[in-house]
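> Fold the following and give me the result.
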Amino acid sequence: MSTQAYYKERLGFDPQEDGVNGNAYYEGPHQPKRHRSEQRLPSETHDQVYEENLTKFKDERDAIQKKTFTKWVNKHLKKVNRHVNDLFEDLRDGLNLISLLEVLSGEHLPRERGRMRFHMLQNVQMALDFLRYKKIKLVNIRAEDIVDGNPKLTLGLIWTIILHFQMAWRNSTSSRLRDGHDTDLSSV
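Sure thing, here's the model as predicted:
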């Protein structure tokens, strides 16, 4: 199979076609000389296209994570009649975050009822302190980051919570199954 056929069949594009990879031309050893108007685009253009595609990919990944994590959070908040529409906005006051941790841990956490920034910071700090008390490592996540709605750090916090509590659930379920106890798997 030729290289060109490989690219076309396996990767879905023909490197000789105009417009592929930021309008870059494939100039293999057997290609005829191109007219000056058809010369390769400057490397800055390739770099720009690469950066644009990378940014687009990261944005898509973040959107998928946000949607997935929101569903996971809502699955657990449903048990206490709470709901999150926008993960970054609805965790800012700390109340949904505290409720989520209460559902997951089975413990009760104190909370501030006010709506001022100070109260929000107190609630989020309470949640972060609880996670640290549970020996859950939080790297560079501060209460201010969550209250300010920082997307990357909010996603990082939820991912850390998912990892800890899903693994804890799996470990307890597997030990119950290993010990011969009946386990209801419907909540998975």
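> in the chain, which spans are helices?
Using DSSP state H, the helices of the chain run over 3-6, 43-77, 87-90, 95-105, 117-133, 143-147, 151-178.
> Please dump the ones you listed into JSON lines; it should also carry mean pLDDT, mean neighbour count and distance to Arg111 for every row.
The way it works is simple: take the backbone N, C-alpha and C, and place the C-beta from them, glycine included. Output for those, formatted as JSON lines (pLDDT from 0 to 100; neighbours: other Cβ atoms under 10 Å; distance: least, Cβ to Cβ, whole Å):
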{"stretch": "helix 3-6", "mean pLDDT": "63", "mean neighbour count": "11", "distance to Arg111": "59"}
{"stretch": "helix 43-77", "mean pLDDT": "90", "mean neighbour count": "13", "distance to Arg111": "14"}
{"stretch": "helix 87-90", "mean pLDDT": "98", "mean neighbour count": "18", "distance to Arg111": "15"}
{"stretch": "helix 95-105", "mean pLDDT": "98", "mean neighbour count": "21", "distance to Arg111": "5"}
{"stretch": "helix 117-133", "mean pLDDT": "98", "mean neighbour count": "18", "distance to Arg111": "5"}
{"stretch": "helix 143-147", "mean pLDDT": "98", "mean neighbour count": "19", "distance to Arg111": "13"}
{"stretch": "helix 151-178", "mean pLDDT": "83", "mean neighbour count": "15", "distance to Arg111": "17"}
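> which ones are touching the residue nearest to Ile158 when sequence neighbours are not counted?
Nearest in space to Ile158, with sequence neighbours left out and distances taken as Cβ to Cβ, 6 or more residues apart in numbering, is Phe69 at 4.5 Å. Going by Cβ atoms under 8 Å, 6 or more residues apart in numbering, Phe69 touches Leu87, Leu155, Ile158, Trp159, Ile162.
> Report the spatially nearest residue to the first one, omitting neighbours in sequence.
Once its chain neighbours are removed from consideration, Leu87 has its nearest residue in Thr70; the separation is 4.7 Å (Cβ to Cβ, 6+ apart).
> Quick check: the one you found touching His83?
No. The criterion here is Cβ atoms under 8 Å, and Thr70 misses it with His83 at 9.7 Å.
> related to what we said a few turns ago, can you pull the contacts of the residue nearest to Leu87?
By Cβ under 8 Å, 6+ apart, the contact set of Thr70 is Val84, Asn85, Asp86, Leu87.
> which one of those residues has the most neighbours?
The residue in the contacts of Thr70 with the most neighbours, by other Cβ atoms under 10 Å, is Leu87 (24 neighbours).
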